[in-house]
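Colleague: Please work out how this folds:
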Amino acid sequence: MNLKSKTVLLKIIKIFFVVLVLYFVFNSTDLNQVKTKLEDLNFLFLFLFFFISLPMIWASSMKWLLFINHEGSVSVLSLMNFYTISYFVNLFTPSTVGGDVSRSISLGTKIKSHSSAFSATFYERLTGLIAMLLIVLSSYVYSPLIRELLGNIGLVFLIIFALMFSALVFENTRMKILSILEKVFLTFGIFKEKFKSIFFKLKSISNSSKLTNKTLGKAFFWALVFHFLAILNVYLASLSISCTSISISDLAFVVPLVLLVLSIPITPGGLGIQEGAFFAALTRIGASPDEAILIAGLLRFKTLVLAGIGGVLLLVNKKS
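Modeller: Next comes the predicted model:
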C-alpha cells in the first residue's frame, strides 16, 4: 500500500470514527427533551457564555506575548486577531495544529522573523499543556471521580508531565528529550518524513529560545487564568440551558481532562472527539444525556461562530 492509499484509508477511518461517536451520543439522548430545553434558554447566561471568549483569547495572547523576543513590534490586539483567525483554520486541520501554524506564520510576517514566531508559539502551547497536565494530576490526587476515570493512566500523565516540564525548564535536558522522542516517533513509517521535519524545527526552536524563570512564571500564571476561564466557559454553557445538576467544582476536575484529550490531533477541529469527550465527562458528573449533548452543542456552535469571525478577519487582513 503506497503513501496516498494509506492517507486515504486514514481519512476514511477518521470519518467512520466521527460518525460512530456522534451516532452514539445522539442515540443516547431524548431529542424532545433537547428541543424543550432549547426553547427555554437563559439569554443572560448565553450572552456571558459568548462574551467570555474575549478574555479567554486575551489571556492566551498575553501568554503568547511573553515568548516574543521582538519587544514593541506586536500588540496584544494583533495577537488576538491572529488567535481568532486560527479558529477558522482549525476547522480544516486536526486539533489546533493548523491554527498554531497559521498564527505562527502571521506573527512571523508581522515581526519579520518566522523562527522567533514558531518558537514563541511552541512555548506558548507547551506551557499551556504543562499547566493542563498539572491540573489533571492535581485532580487525580484529590478527586475520586478523576481516579475512577483515568485508572492507571494517571501514571502515564505523570511521565508526560515530567518530560514536558524538563524539556521546558531545564536547558541541558531539552535536546536529549527531543532526541529520544524523535527516535520514538520516527518508528511510525507512515509519518516518518513529516516527523523528521517537525523535530528539526523543534531542535532549532529549543536552541534559539531564551527562557527565564520569570517568563515561565508569568506564562504559567496566564495559563492558569485561561484554564479558570475555560472551566467557567463550560459552566456558563450549562447555566444557559438551566442545567443545575453539575457544579463548577466538578467541572474544575473534568474540563482540563477533556481539553487535554482535545489537544490530540485526530480530527479537524476535534469534531466528534469534543462532543464525545464532553458527553462522557458531563454525564459522569450529574448531567443528563440531553443536557450533556446541549452543552457540547453550544460549545461547538460557539467554536463555529469564532471560526466565522476568524474567517472575516482573515479576509480583512488580506485586503489590507
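Colleague: now the helices for the stretch 51-200 of the chain?
Modeller: With DSSP state H, counting those that start in this stretch, the ranges of helices along the stretch 51-200 of the chain come out as 53-66, 76-89, 97-111, 114-142, 144-150, 153-169, 171-185, 192-208.
Colleague: possible to save the ones you listed as a markdown table with mean neighbour count?
Modeller: Quick note: C-beta positions are derived from backbone N, CA and C, even for glycine. Written out in a markdown table, the entries for the helices of the stretch 51-200 of the chain read as follows (neighbours: other CB atoms under 10 Å):
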| stretch | mean neighbour count |
| --- | --- |
| helix 53-66 | 20 |
| helix 76-89 | 21 |
| helix 97-111 | 19 |
| helix 114-142 | 20 |
| helix 144-150 | 15 |
| helix 153-169 | 15 |
| helix 171-185 | 13 |
| helix 192-208 | 14 |
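Colleague: Tabulate those helices in CSV, adding columns for distance to N42.
Modeller: Rendered in CSV, the data for the helices of the stretch 51-200 of the chain read as follows (distance: least, CB to CB, whole Å):
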stretch, distance to N42
helix 53-66, 18
helix 76-89, 25
helix 97-111, 30
helix 114-142, 28
helix 144-150, 27
helix 153-169, 35
helix 171-185, 46
helix 192-208, 45
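Colleague: Of all those, which one is nearest L260?
Modeller: Go through these one by one with CB to CB and the one that ends up closest to L260 is helix 114-142, at 5.3 Å.
Colleague: Any chance of the helices of the stretch 51-200 of the chain in JSON lines with mean pLDDT as columns?
Modeller: Below are the helices of the stretch 51-200 of the chain laid out as JSON lines (pLDDT from 0 to 100):
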{"stretch": "helix 53-66", "mean pLDDT": "95"}
{"stretch": "helix 76-89", "mean pLDDT": "94"}
{"stretch": "helix 97-111", "mean pLDDT": "89"}
{"stretch": "helix 114-142", "mean pLDDT": "83"}
{"stretch": "helix 144-150", "mean pLDDT": "74"}
{"stretch": "helix 153-169", "mean pLDDT": "69"}
{"stretch": "helix 171-185", "mean pLDDT": "67"}
{"stretch": "helix 192-208", "mean pLDDT": "57"}
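Colleague: With G276 as the reference, name the closest of those.
Modeller: Comparing the helices of the stretch 51-200 of the chain under CB to CB, the one sitting nearest is helix 144-150, at 13.8 Å.
Colleague: Show me what that closest one is packed up against.
Modeller: Contacts defined by 3 or more CB pairs under 8 Å, 6 or more residues apart in numbering; DSSP states H and E place helix 144-150 against helix 114-142, helix 153-169, helix 248-262, helix 273-284.
Colleague: Just want the angle from the first one to helix 97-111.
Modeller: Taking axes from the mean of the first three to the mean of the last three CA atoms, to 10 degrees, one finds helix 114-142 and helix 97-111 inclined to each other by 140 degrees.
Colleague: by contact count, what packs against helix 114-142?
Modeller: Under the contact criterion of 3+ CB pairs under 8 Å, 6+ apart, the helices and strands touching helix 114-142 comprise helix 53-66, helix 97-111, helix 144-150, helix 153-169, helix 192-208, helix 213-240, helix 248-262.
Colleague: want to try CSV for those helices, with distance to G310 as columns?
Modeller: What follows is the helices and strands packed on helix 114-142, written out as CSV (distance: least, CB to CB, whole Å):
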stretch, distance to G310
helix 53-66, 10
helix 97-111, 9
helix 144-150, 32
helix 153-169, 28
helix 192-208, 24
helix 213-240, 17
helix 248-262, 18
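Colleague: Of the helices of the stretch 51-200 of the chain, give the one that comes closest to A223.
Modeller: For A223, the closest of the helices of the stretch 51-200 of the chain is helix 114-142, at 3.6 Å, according to CB to CB.
Colleague: ok and the closest one relative to helix 53-66, angle-wise?
Modeller: Taking the same axes, to 10 degrees, helix 114-142 and helix 53-66 form an angle of 120 degrees between their directions.
Colleague: Tell me what angle helix 114-142 forms with helix 248-262.
Modeller: Going by the same axes, to 10 degrees, helix 114-142 is angled at 130 degrees with respect to helix 248-262.
Colleague: Alpha carbons of stretch 240-257, as PDB, please.
Modeller: Below are the C-alpha coordinates for stretch 240-257, written out as PDB (Å, rounded to 0.1, in the frame of the first residue of the first chain):
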ATOM      1  CA  SER A 240     -27.600  28.800  29.600                       C
ATOM      2  CA  ILE A 241     -29.800  25.700  29.400                       C
ATOM      3  CA  SER A 242     -30.800  25.900  33.100                       C
ATOM      4  CA  CYS A 243     -28.700  22.800  34.000                       C
ATOM      5  CA  THR A 244     -28.300  22.900  37.800                       C
ATOM      6  CA  SER A 245     -27.200  19.300  38.200                       C
ATOM      7  CA  ILE A 246     -23.400  20.000  37.800                       C
ATOM      8  CA  SER A 247     -21.300  22.300  39.800                       C
ATOM      9  CA  ILE A 248     -18.300  24.400  38.900                       C
ATOM     10  CA  SER A 249     -16.100  22.400  41.300                       C
ATOM     11  CA  ASP A 250     -16.900  19.200  39.400                       C
ATOM     12  CA  LEU A 251     -16.100  21.000  36.100                       C
ATOM     13  CA  ALA A 252     -12.800  22.100  37.600                       C
ATOM     14  CA  PHE A 253     -11.800  18.400  37.600                       C
ATOM     15  CA  VAL A 254     -13.200  17.300  34.200                       C
ATOM     16  CA  VAL A 255     -12.800  20.300  31.900                       C
ATOM     17  CA  PRO A 256      -8.900  20.200  31.900                       C
ATOM     18  CA  LEU A 257      -9.000  16.500  31.200                       C
END
